[in-house]
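K.L.:
Dropping a prediction and its sequence here:
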Amino acid sequence: MDKPVNNRAWFLVLPVLVIVAFSAVIPLMTVVNYSVQDTFGNNQFFWNGLGWFQDVLESDRIHAALGRQLLFSAIILAIEIPLGIFIALNMPKRGFWASLVLVLMALPLLIPWNVVGTIWQVFGRVDIGLLGHTLAALGFDYNYVNDPIDAWATIIVMDVWHWTSLVALLCYAGLQSIPDAYYQAARIDQASRWGVFRYIELPKMSGVLLIAVLLRFMDSFMIYTEPFVATGGGPGNATTFLSIDLVKMAIGQFDLGPAAAFSLIYFLVILLISWVFYTVMTAQREAL
């Protein structure tokens, strides 16, 4: 005999559904509404169909920002994932030093994004910043305000400093879940350090690595506050990523229709690439 279903339990979930509706679903529907309409002011709208989407997809400005965004995310993943794994492998496993290192590694993650941008904006200045002044004293022609390469280097180093700890801590958690018996068996078999990493540590870290890659890709692909505060998207448009371009379009130019279409395309691109990452890494995880 089937147990009776208590539908009253759904009332416990109702507050969460209401909050999600007001914080996510309703704003999303508003964006969709703006993306297919145009206005001449006075709150009068008329149907525009897919016109804004076509304009965004054909915009050279958006293509350039997308190229910069993809390059930035690729560089960030290529640096932070291997560096985070290396740090996790060399962190103390137990005792006082393990606790101290965990606290130190977590500190950059506690700093707000706008504060990180301000820190590195001042840190990189040639006149008063420690980094900029030191590099100038050593003979390097460093100026992130005028040189696009210096601006890119500053933003990349800033992001690596801010977020590598997240990858390291996730990998460290995966390593801590490995039983000591695995390492004892490896020592008995006289396995090399590479063999221990390849056949014991890497498979055990594959789950958290998947999370780390997805989180770091989505964060780096949506980055806004740090480069906006540090460089303002400059010099020129050198560090104008998709998020900065979107804000300029929506708030600076008040083009709500194109900005709404842009944001939806932006969301779908992130969703698509994240799905590709997830599919590929899940297949590789099963092959390990």
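P.N.:
It's in.

K.L.:
When you work out contacts or count neighbours from here on, use the C-alpha atoms and nothing else.
P.N.:
Will do.

K.L.:
first vs last residue of stretch 123-141, how far apart are they?
P.N.:
16 Å (Cα to Cα, to the nearest Å).

K.L.:
List the buried residues in that stretch.
P.N.:
For stretch 123-141, burial by neighbour count (16 or more other Cα atoms under 10 Å) applies to 123-126, 129, 131-133, 135-136.

K.L.:
again, but for stretch 80-99
P.N.:
Quick answer for stretch 80-99 (16+ other Cα under 10 Å): 80-81, 83-85, 87-89, 92.

K.L.:
Just name the closest of those residues to W152, please.
P.N.:
E80 (15.7 Å; Cα to Cα).

K.L.:
And the closest one, what's its pLDDT?
P.N.:
Here, the pLDDT recorded for E80 equals 96.

K.L.:
which residues does it contact?
P.N.:
Counting by Cα atoms under 8 Å, 6 or more residues apart in numbering, E80 touches 160, 163-164, 167.

K.L.:
Which element, helix or strand, includes it?
P.N.:
Counting by DSSP states H and E, the element that carries E80 is helix 60-90.

K.L.:
Taking helix 60-90 as reference, get the angle to the next helix or strand after that helix.
P.N.:
Following helix 60-90 in sequence order, the next helix or strand is helix 95-106 (DSSP H and E). Going by axes from the mean of the first three to the mean of the last three Cα atoms, to 10 degrees, helix 95-106 is angled at 170 degrees with respect to helix 60-90.

K.L.:
Run the chain-centre distance for helix 95-106.
P.N.:
The chain centre lies 24 Å from the centre of helix 95-106; the measure is Cα atoms, centre = their mean, to the nearest Å.

K.L.:
Which elements pack onto that helix?
P.N.:
helix 148-176 (3 or more Cα pairs under 8 Å, 6 or more residues apart in numbering; DSSP states H and E).

K.L.:
how about the helix it packs on: buried residues?
P.N.:
Across helix 148-176, burial judged by 16+ other Cα under 10 Å covers 148, 150-152, 154-156, 158-160, 162-172, 174-175.

K.L.:
do stretch 268-278 as well
P.N.:
270, 274, 277-278.

K.L.:
on that earlier part again, any chance of the buried residues of stretch 80-99 in a markdown table, with distance to L102 too?
P.N.:
As requested, those are exported to a markdown table (distance: Cα to Cα, whole Å):
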| residue | distance to L102 |
| --- | --- |
| E80 | 17 |
| I81 | 18 |
| L83 | 16 |
| G84 | 13 |
| I85 | 14 |
| I87 | 11 |
| A88 | 10 |
| L89 | 13 |
| P92 | 9 |
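
K.L.:
pretty sure G232 is in a strand, no?
P.N.:
No - per DSSP: H, G, I helix; E, B strand; the rest coil, G232 lies outside any strand segment and is coil.

K.L.:
Report how many residues lie close to it.
P.N.:
G232 has 18 neighbouring residues, counting by other Cα atoms under 10 Å.

K.L.:
what do you get for L107?
P.N.:
11.

K.L.:
R125: what's it in contact with?
P.N.:
With Cα under 8 Å, 6+ apart, R125 has these contacts: 131-133, 143-144.

K.L.:
Perfect, I'm done here.
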